[in-house]
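> got a structure for you, letters missing:
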């Protein structure tokens, strides 16, 4: 998964029926230190995240798992809201 | 999903049978502000989108879901037409 | 899917049995205007495409659909030969 | 799979239920020589890896296999801890 | 699929059980002309390839097909050893 920040929302009337009722959020990928990193994308959401929140999203086939047995045609879904990121100094192996 | 603009169409007679009857649209990925972003691609379509329309597409395995039970060999499908993109200022977490 | 041009072929004796009998073509990704774009790759083929032909290929899990019920371990398959690409000027939304 | 080093952890209370009980580790991709290479990501874990350890992770649909029959919505999972990487001089084919 | 050269091996004791008995090879992606191209990765193997050999690998969900009915959590598998790559001059379409 990757970290991201919710920065907006997409409104859409004409869409494939299996996307009905899904919120579509605009996400800016960020690094653990909060710096933007990469191309903004559109995510479905399982968390109720709002604008400005730090989240992590899952991409690919697995991003549709939370909606099973519905086969939602999404390739990116917000699966959690971040409380805190702890970065540690790399230690020795083992 | 990613935002994109429909900029053309591909015509093809010789193709794998499961693609028969699918419109193949040329899509230019764009950022939420409308700026082009990345390599143009070929999408199947579930929305009836036409040239110039702002759409979002789904890639990967999920892009074939709208065609189930047909197993259409596509890796990118237009799943919605955009009415409006709202970008908000990032707020505080929570 | 992406556009590409067939530029060669790979010969291989030792391979996983489920690839037996598959032609392996070298493809150069191209833009709709024909310019090369990105890393050359190896594709299986469902179309009988030959060297120099403009094709489009599907990647990922879906690229193995045309071979079902065989589970061919391919991640890129040529699924059509291009007759013509029409690029239009972007029009207004709707 | 790719090599990486565990550099931190993400804490998250609000998440999709199928992620409950999963440790979420921050991983820095590295090259075989240990140099950082690419964007940090969030991985689930099957190995009990700790901060500083050299690991390899699997991405995509397969990254959820270790959790079957649970359908965990993850796209990156640590599947092993590295004891040693042996790099050899390329020899002749065959 | 992509071409690559086997340049090493990863040894690992602690790993997800479904990877037991799998050789893990370090692969340098290469272009058809042999030039290195992109980030080194770790592949499972179905061919018995050794250091220095020119191979092609399959990525994604399909890379686990050769191991079915085992659900091996791999996202990159060597599926063939290259005898020869023939590059041709692009000809006219058709």
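Perfect, I can see it now. The model shown is predicted, which means the values in this text are computed figures rather than measured ones. Numbering: from 1, shown residues only, chains lettered A, B, ... in the order given.
> make it CA atoms for all contacts and neighbour counts henceforth
Fine.
> Can you classify residue A:74 by secondary structure?
Each residue gets one of three states, and residue A:74 gets coil by DSSP: H, G, I helix; E, B strand; the rest coil.
> Verify the stated contact: it with residue A:44.
Yes. Between residue A:74 and residue A:44 a contact is recorded at 6.9 Å, counting by CA atoms under 8 Å.
> The two - which one has more neighbours?
Neighbour comparison, residue A:74 and residue A:44: the larger count goes to residue A:74, with 31 against 24 (by other CA atoms under 10 Å in any protein chain shown).
> Point out where chain A drops to low pLDDT.
A:89-94 (pLDDT under 70).
> is the longest strand seen in it up against chain B anywhere?
Assignment by DSSP state E gives strand A:2-11 as the longest strand of chain A. Yes. Applying CA under 8 Å from any CA of the partner chain, one finds that strand A:2-11 is in contact with chain B at A:5, A:6, A:7, A:8, A:9, A:10, A:11.
> Let me see the contact set for the residue in chain A positioned nearest to chain E.
Closest contact between chain A and chain E, by CA to the nearest CA, is at residue A:61 (9.8 Å). Residue A:61 sits next to A:74, A:75, B:60, B:61, B:62, D:60, D:61 when contact means CA atoms under 8 Å, 6 or more residues apart in numbering or on different chains.
> Check residue A:30 too.
Counting by CA under 8 Å, 6+ apart, residue A:30 has contacts A:2, A:3, A:4, A:5, A:36, A:37, A:38.
> same thing but 10 Å
Going by CA atoms under 10 Å, 6 or more residues apart in numbering or on different chains, residue A:30 touches A:2-5, A:36-40, A:54-56, D:39-41.
> among the contacts of residue A:61, which are in helices?
Per DSSP state H, helices hold no members of those.
> Now tabulate these in JSON lines and tack on distance to residue E:87.
Below are those laid out as JSON lines (distance: CA to CA, whole Å):
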{"residue": "A:74", "distance to residue E:87": "38"}
{"residue": "A:75", "distance to residue E:87": "36"}
{"residue": "B:60", "distance to residue E:87": "29"}
{"residue": "B:61", "distance to residue E:87": "31"}
{"residue": "B:62", "distance to residue E:87": "34"}
{"residue": "D:60", "distance to residue E:87": "32"}
{"residue": "D:61", "distance to residue E:87": "34"}
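> Out of those residues, list just those in strands.
Among these, no member lies in strands (by DSSP E).
> Show me which of those residues is closest to residue C:70.
residue B:61 (17.4 Å; CA to CA).
> what are the ranges of the strands in chain A?
Under DSSP E, chain A gives strands at A:2-11, A:25-29, A:41-45, A:54-59, A:76-81, A:84-87.
> who does the first one pair up with?
Yep, that's strand A:2-11 we're talking about. Under the criterion DSSP bridges, strand A:2-11 sits next to strand A:25-29 (antiparallel), strand A:54-59 (antiparallel), strand B:84-87 (antiparallel) in its sheet.
> Turn the ones you listed into a markdown table, columns for mean neighbour count.
Formatted as a markdown table, these follow (neighbours: other CA atoms under 10 Å in any protein chain shown):
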| stretch | mean neighbour count |
| --- | --- |
| strand A:25-29 | 25 |
| strand A:54-59 | 26 |
| strand B:84-87 | 14 |
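> Redo those as CSV? Include distance to residue D:79.
Shown next, in CSV, are the strands paired with strand A:2-11 (distance: least, CA to CA, whole Å):
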stretch, distance to residue D:79
strand A:25-29, 25
strand A:54-59, 18
strand B:84-87, 38
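> closest one to residue D:50 among these?
strand A:54-59 (20.5 Å).
> Now do the closest one and strand D:76-81, the angle between them.
Here strand A:54-59 points in a direction 80 degrees away from that of strand D:76-81 (axes from the mean of the first three to the mean of the last three CA atoms, to 10 degrees).
> Please tell me how far strand A:54-59 is from the chain's geometric centre.
3 Å (CA atoms, centre = their mean, to the nearest Å).
> Buried only: go through the residues of strand A:2-11 next to chain B for me.
Those of the residues of strand A:2-11 next to chain B that meet the buried threshold are A:5, A:6, A:7, A:8, A:9, A:10, by 16 or more other CA atoms under 10 Å in any protein chain shown.
> The spatially closest residue to the last one that is not a sequence neighbour and residue D:76: what is the separation?
In other words, residue A:10. Once flanking residues are discounted, residue A:10 sits nearest to residue B:85: 4.6 Å by CA to CA, 6 or more residues apart in numbering or on different chains. Applying CA to CA, to the nearest Å, the value for residue B:85 to residue D:76 is 30 Å.
> what's the answer for residue A:37, then?
18 Å.
> can you count the residues close to residue A:35?
11.
> right, and it touches residue A:54 too?
No. Using CA atoms under 10 Å, residue A:35 makes no contact with residue A:54, being 11.7 Å away.
> Quick check: neighbours shared by those two?
In contact with both residue A:35 and residue A:54: A:4, A:28, A:29, using CA under 10 Å, 6+ apart.
> now stretch A:5-18: how far from the chain's centre is it?
13 Å.
> Now do the end-to-end distance for it.
25 Å.
> can you check stretch A:31-47 too?
Chord length of stretch A:31-47, first to last residue, is 20 Å (CA to CA).
> Check stretch A:21-29 too.
First-to-last residue span, stretch A:21-29, CA to CA: 24 Å.
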